[in-house]
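> Just a sequence and a predicted model for now, questions to come.
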Protein chains: 2
Amino acid sequence: MEGLRKIQPYIPGEQVDYQRVIKLNTNEHAYLPSPKIKETLATFDLAKLQRYSSVDNQALCRVIAQNEGLEDEWITTANGSDDILALAFQSFFQTKAPIIFPDITYGFYPVWCELYQIPYQLLPLDDQFQWDFTKIPQAIGGLVLTNPNAPTGKTVSKQAIIDLLERFPEQVIIVDEAYQAFNEESVAPLVSKYPNLYVTRTLSKDHALAGLRVGYGIGSPRLTQVIKAVKNSYNPYAVDALAEAVAITALEDRAYYQKVNQQILHTRSWFSEQLTQLGFNTLESHTNFVLTTHPSHKANILYQQLKEHAIYVRYFDTPRLKDYLRISIGTQQEMEQVTTLLRKLTQKEI
Amino acid sequence: MEGLRKIQPYIPGEQVDYQRVIKLNTNEHAYLPSPKIKETLATFDLAKLQRYSSVDNQALCRVIAQNEGLEDEWITTANGSDDILALAFQSFFQTKAPIIFPDITYGFYPVWCELYQIPYQLLPLDDQFQWDFTKIPQAIGGLVLTNPNAPTGKTVSKQAIIDLLERFPEQVIIVDEAYQAFNEESVAPLVSKYPNLYVTRTLSKDHALAGLRVGYGIGSPRLTQVIKAVKNSYNPYAVDALAEAVAITALEDRAYYQKVNQQILHTRSWFSEQLTQLGFNTLESHTNFVLTTHPSHKANILYQQLKEHAIYVRYFDTPRLKDYLRISIGTQQEMEQVTTLLRKLTQKEI
């Protein structure tokens, strides 16, 4: 048959029956989403499913805009982070010069470049998994910076991002803030000063709504017009009426998320300390996961041993990450179980 | 700023406050979706939102496959018809020869061709809004056939589609069956004989779930592998966990939809008869809308007059459709109100 597309898709972390394992392999939230969502679902008016939802999710945009102290026309909603990022790639990177992102970051970026035929160049992170901004070429088509980065959990300073925005004023710089709520600061307030900044977010991680698929982008009205034109040339209603209602309930229940996200930070700190005691070297994390390595236990073997005990973590079989495990922060109880098992495994008591 | 995409998006029918108007402009269903959805929402386990949904919506695929008498690997789910069609365009039309679709059909096809840079050629429908298959060029990249067609409501015979599939065995032919349940027959059973046939469906129209965004494609495992690779290179989880659960409930409540869809066919028949009595010429419809024209009343004026009375229908300001109104079939009561008003307007009693 002619005309068939050949492409290597992104390979996500394994999806397993979460009721039978401790699932720490895809950075899902340790806790349930806001309990108020129960009420939203129980009282949902079915007439809202009978009708098309609003093209631009005005109600949801308003809540997001208010959170950010912006007007609605700075916000674009989409079907998860993947959707808003893929739309941003299509919208802002119609370029001949390569766009830049690091060799170690979210694995979907090169896949979208392939799908949309966007030239790209990987910038190797240094031995400490940090950006070396001096190595960015003069002529670039744009730049994507995950902050905090995945799977390292490391951040880039606000000043470093400002320097990039000023160095490349004619190129769009996307800052992917999927893990924003676990970090100290966001660069979203910079959008009103830098028209070349586009910030993306998702409710999957910090709002415990991976199964809902709501993401959004924040950028100048000019960038927003461009991305909305592309969105409305593809699938205008991608955030359905139910997802919009649930997302609004979640975003409005700030007290709940502050509480559970604080609990994750507490557990992350406790778990990192335990890892250190077991001889692991763990990168300082600004997310709901840690990247860790042990000098005398191979990561792929630990990964298999954990899996045999129904604990799923993420192992990346790539040259620079093959010595590391990425472990999502679960509940305190889950991390205690993981710690107990890791203690046995690293002391070879099993 | 460099690299910004310029594109003219699809313009959907106006979304208005449906509680204050009779909304017959976007072919939404006249009735509410299955009442069983209430229970699905009220008992939904929030842990399913906390976790990523299954990449391939296995549970939903199984229900669809069983309905079609196929195995799961023939089915691909997506975020509405727009998503499955846009994915199919990207997956099957990597071609230099133009793909073919009619000059009067779903307005999104040329927008996707523009977005994905797919060459296309419009085939003018004849004066009766029918395909003239003899005019299809020898060398084509593929073909898209909406059956029943929108906004005409007309169908193409199964035999005509078989002839096309056999005439172009190396090209994919997409049959867009968005309005399938209002029609007598589907060509989906042909997929097992013709590996170049790809059928798309949506729950928006015949399952009263426009606000939910669930669509799907049916095709050979080979075509399904290609489209799933593209889907998983873009946004793997586009049908979220809630939408999947609601869609399953709807698809399993066949008795309810048979009843309400039968009611729509009954009202369509009644309303078409009324239009004839008022002097309109109405195309025979196989969908939940009619396309109609009046010899002595201009369509754009009737459109405005209806709107002034809070009745929204669709008017297309294009050379071949400017004399027509497309009117979705609402409830019997709504169509009686529309008929009363049209009687006054065409008899100039207002």
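Nice, thanks for sending it over.

> so what's A:Ser328 scoring on pLDDT?
pLDDT for A:Ser328: 97.

> Got phi/psi on it?
Dihedral angles of A:Ser328 (phi, psi; degrees, to the nearest 10) stand at phi -70, psi 150.

> where's the residue of the stretch 1-150 of chain A found nearest chain B, which helix or strand?
Nearest to chain B, among the residues of the stretch 1-150 of chain A, is A:Pro9, at 3.5 Å (C-beta to the nearest C-beta). The way it works is simple: take the backbone N, C-alpha and C, and place the C-beta from them, glycine included. Following DSSP states H and E, there is no helix or strand that holds A:Pro9.

> give the contact list for it.
When contacts are counted by C-beta atoms under 8 Å, 6 or more residues apart in numbering or on different chains, A:Pro9 touches A:Val111, B:Lys228, B:Ala229, B:Val230, B:Lys231, B:Asn232, B:Ser233, B:Pro236.

> okay, now the second one: neighbour count?
When neighbours are counted by other C-beta atoms under 10 Å in any protein chain shown, B:Lys228 registers 22.

> any low-confidence regions in chain A?
A:18, A:348-350 (pLDDT under 70).

> can you list the domains in it?
Segmentation of chain A into domains, based on automatic domain parsing, reads A:22-32+A:255-346, A:36-252.

> quick one on the thing from earlier: which one of the contacts of A:Pro9 is nearest A:Leu242?
B:Pro236 (19.6 Å; C-beta to C-beta).

> wait, the closest one sits on A:Gln15?
No: using C-beta atoms under 8 Å, B:Pro236 is not in contact with A:Gln15, being 10.0 Å away.

> Count the residues that sit near the nearest residue in space to A:Glu252 that is not next to it in sequence.
Closest residue to A:Glu252 apart from its sequence neighbours, by C-beta to C-beta, 6 or more residues apart in numbering or on different chains: A:Val63 at 6.5 Å. For A:Val63, the count of nearby residues is 19 (other C-beta under 10 Å).

> on contacts alone, who are the packing partners of the helix or strand hosting A:Val63?
Per DSSP H and E, A:Val63 falls inside helix A:58-68. Here helix A:58-68 touches strand A:75-78, strand A:215-219, helix A:241-252, going by 3 or more C-beta pairs under 8 Å, 6 or more residues apart in numbering or on different chains; DSSP states H and E.

> Dump these to TSV, plus mean neighbour count.
Below are these laid out as TSV (neighbours: other C-beta atoms under 10 Å in any protein chain shown):
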stretch	mean neighbour count
strand A:75-78	26
strand A:215-219	27
helix A:241-252	23
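
> Output the ones you listed in CSV; the columns should cover distance to B:Arg201.
Below are these laid out as CSV (distance: least, C-beta to C-beta, whole Å):
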stretch, distance to B:Arg201
strand A:75-78, 24
strand A:215-219, 26
helix A:241-252, 20
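
> Could you pull up the residues touching the residue nearest to the spatial centre of chain A?
Closest residue to the average C-alpha location of chain A: A:Ala178 at 3.1 Å, with C-alpha atoms, centre = their mean. Listed by C-beta under 8 Å, 6+ apart, the contact set of A:Ala178 reads A:Ser81, A:Tyr106, A:Thr146, A:Ala150, A:Thr200, A:Arg201, A:Thr202, A:Ser204, A:Lys205.

> and the second one, that one's in a helix?
No: for A:Tyr106, which was evaluated using DSSP: H, G, I helix; E, B strand; the rest coil, the result is coil, with no helix membership.

> Tell me how many other residues surround it.
Residues near A:Tyr106, counting by other C-beta under 10 Å: 21.

> distance of it from A:Thr200?
For A:Tyr106, the distance to A:Thr200 (C-beta to C-beta, to the nearest Å) stands at 11 Å.

> now A:Val16
A:Val16 is 28 Å from A:Thr200, by C-beta to C-beta.

> ok, the two, which is more surrounded?
A:Thr200 (27 against 15).

> returning to what we had before: hey, which of the domains of chain A is tucked in deepest?
domain A:36-252 (a mean of 21; mean count of other C-beta atoms under 10 Å in any protein chain shown).

> Give me the distance between that domain and the centre of its chain.
Domain A:36-252 sits 9 Å away from the centroid of its parent chain (C-alpha atoms, centre = their mean, to the nearest Å).

> circling back: name the residues contacting each of A:Tyr106 and A:Thr200.
A:Asp176, A:Ala178.

> wait, what's in contact with A:Pro119?
A:Thr95, A:Lys96, A:Ala97, A:Pro98, A:Ile99, A:Cys113, A:Gly141.

> at 7 Å what do you get?
Contacts for A:Pro119 (C-beta atoms under 7 Å, 6 or more residues apart in numbering or on different chains) come out as A:Lys96, A:Pro98, A:Gly141.

> Let me know whether the second one touches A:Ile140 as I believe.
To tie it back to what came earlier, the one meant is A:Pro98. Yes: using C-beta atoms under 7 Å, A:Pro98 is in contact with A:Ile140, at 6.5 Å.

> name the element A:Gln94 belongs to?
Going by DSSP H and E, A:Gln94 is not in any helix or strand.

> for the stretch 51-200 of chain A, what spans make up the strands?
Along the stretch 51-200 of chain A, counting by DSSP state E, counting those that start in this stretch, strands occupy A:75-78, A:99-102, A:120-123, A:142-146, A:172-176, A:197-202.

> Partner strands of the second one, with direction?
Put plainly, it is strand A:99-102. strand A:120-123 (parallel), strand A:142-146 (parallel) (DSSP bridges).

> CA atoms of it as CSV?
In CSV, the C-alpha atoms belonging to strand A:99-102 read as follows (Å, rounded to 0.1, in the frame of the first residue of the first chain):
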residue,chain,number,x,y,z
ILE,A,99,15.6,24.0,17.6
ILE,A,100,17.6,23.1,20.7
PHE,A,101,16.9,20.8,23.6
PRO,A,102,19.1,18.7,25.9
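
> Pick out the residue of the stretch 251-350 of chain A closest to chain B.
A:Val260 (10.7 Å).

> and the one helix or strand that residue maps to, how far from the chain's centre?
Using DSSP H and E, A:Val260 sits within helix A:254-277. With C-alpha atoms, centre = their mean as the basis, helix A:254-277 stands 18 Å off its chain's centre.

> Mind giving me the packing neighbours of it?
strand A:281-282, strand A:289-293, helix A:332-346 (3 or more C-beta pairs under 7 Å, 6 or more residues apart in numbering or on different chains; DSSP states H and E).

> what about 10 Å?
Other elements packing on helix A:254-277 under the criterion 3 or more C-beta pairs under 10 Å, 6 or more residues apart in numbering or on different chains; DSSP states H and E are helix A:241-252, strand A:281-282, strand A:289-293, strand A:324-328, helix A:332-346.

> Between the two ends of stretch A:309-328, how far is it?
Start-to-end span of stretch A:309-328 (C-alpha to C-alpha, to the nearest Å) is 16 Å.

> what do you get for stretch A:171-190?
Stretch A:171-190 end-to-end distance (C-alpha to C-alpha) = 15 Å.

> same thing with stretch A:26-35?
22 Å.

> Any residue of it touching chain B?
Yes: for stretch A:26-35, a contact with chain B is found by C-beta under 10 Å from any C-beta of the partner chain, at A:Thr26, A:Asn27, A:Glu28, A:His29, A:Ala30, A:Tyr31, A:Leu32, A:Pro33, A:Ser34, A:Pro35.

> if we can go back for a sec, now the residue of the stretch 1-150 of chain A closest to chain B. Nearest residue, chain neighbours left out?
Closest to A:Pro9 by C-beta to C-beta, 6+ apart is B:Asn232, at 3.5 Å.
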